[in-house]
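Student: Sequence plus the predicted model coming up.
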Amino acid sequence: MSSQSTQDVLFSDTFEGFSEEKGFRGPVACKAAGITYRQLDYWARTGMVEPTLRGARGSGTQRLYSFRDILVLKVVKNLLDTGVSLQQIRVAIDALKARGVGDLASITLISDGASVYECTSDNQIMDIIQGGQGVFGICVGRVWNEVEAKLSSLPTERMEPEGVSHIDELAIRRAKKHAG
């Protein structure tokens, strides 16, 4: 796969096996990314990782996350697990999106605990390691494979046409209860 086509895959929400018309509800996104619903909600409300397919619009609506969104959620979780601050994670995620990452399989995020670096070659990784500080790395390509494998067995939801409001069954019951 060429560098350009990998970049298109990461940032266009077009993924092999995952249609642009289908997304994943919050509980599925949580399961695939290994996070709690509370984390998911907080990250969406603070703008760290917002669902690109459908945001929450009032009581009873369900956010709908794309494959890319869930990939970013998993990267954020991995960075948090290694002790990186939310501020540094925001910088790292913004940098990945702004740069238009090339070949995903070769990208590794390296952190020394204070900063996060994007490495695309062994030489870059070695330069950071030779600094003498303890570091850890997250191979984005491997995270991609983990998320893809997890999502392949979880339910998707079809995007609804523009202007159609999605309200879940619980919201319908609440509305009936309040009306009568």
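Tutor: Received, thanks.
Student: Give the burial count for residue 122, as a bare number.
Tutor: For residue 122, the neighbour count with other C-beta atoms under 10 Å is 10. Glycine gets a C-beta too; all of them are placed from N, C-alpha and C.
Student: Likewise for residue 33?
Tutor: 29.
Student: Secondary structure element holding the nearest residue to it once chain neighbours are set aside?
Tutor: In space, residue 33 comes closest to residue 73 once its chain neighbours are excluded; the distance is 3.8 Å by C-beta to C-beta, 6 or more residues apart in numbering. Per DSSP states H and E: residue 73 is located in helix 67-81.
Student: Give the buried residues for stretch 129-147.
Tutor: 137-140, 143-144, 146-147 (16 or more other C-beta atoms under 10 Å).
Student: So which of these sits lowest on pLDDT?
Tutor: Minimum pLDDT for the buried residues of stretch 129-147 is recorded at residue 144 (76).
Student: What is the host helix or strand of that residue packed up against?
Tutor: Assigning secondary structure by DSSP H and E places residue 144 in helix 140-151. Using 3 or more C-beta pairs under 8 Å, 6 or more residues apart in numbering; DSSP states H and E, the elements in contact with helix 140-151 are helix 26-33, helix 67-81.
Student: What angle do helix 67-81 and the first one make with each other?
Tutor: Helix 26-33 and helix 67-81 meet at an angle of 60 degrees, taking axes from the mean of the first three to the mean of the last three C-alpha atoms, to 10 degrees as the criterion.
Student: got the angle for helix 26-33 vs helix 140-151?
Tutor: Put simply, helix 26-33 runs at 130 degrees to helix 140-151, going by the same axes, to 10 degrees.
Student: What lies in contact with helix 26-33?
Tutor: Helix 26-33 is touched from outside by 24, 36-37, 39-41, 51, 62-63, 65, 69-70, 73-74, 76-77, 147, 150-151, 154-156, with contacts defined as C-beta atoms under 8 Å, 6 or more residues apart in numbering.
Student: go on, the last one?
Tutor: Helix 67-81 has contacts (C-beta under 8 Å, 6+ apart) with 10-11, 13, 15, 18, 24, 29, 32-35, 39-40, 43, 48-53, 65, 86, 88-89, 92-93, 96, 109, 111, 116, 138, 140, 143-144, 146-148, 151.
Student: Now do the following helix or strand past it: which elements does it pack against?
Tutor: Downstream of helix 67-81, the next assigned helix or strand under DSSP H and E is helix 86-99. With contacts taken as 3+ C-beta pairs under 8 Å, 6+ apart, helix 86-99 sits against helix 67-81, strand 116-119.
Student: Pairing partners for the following helix or strand past helix 86-99, with directions?
Tutor: Downstream of helix 86-99, the next assigned helix or strand under DSSP H and E is strand 108-111. Applying DSSP bridges to the sheet, strand 108-111 is found paired with strand 116-119 (antiparallel), strand 136-139 (antiparallel).
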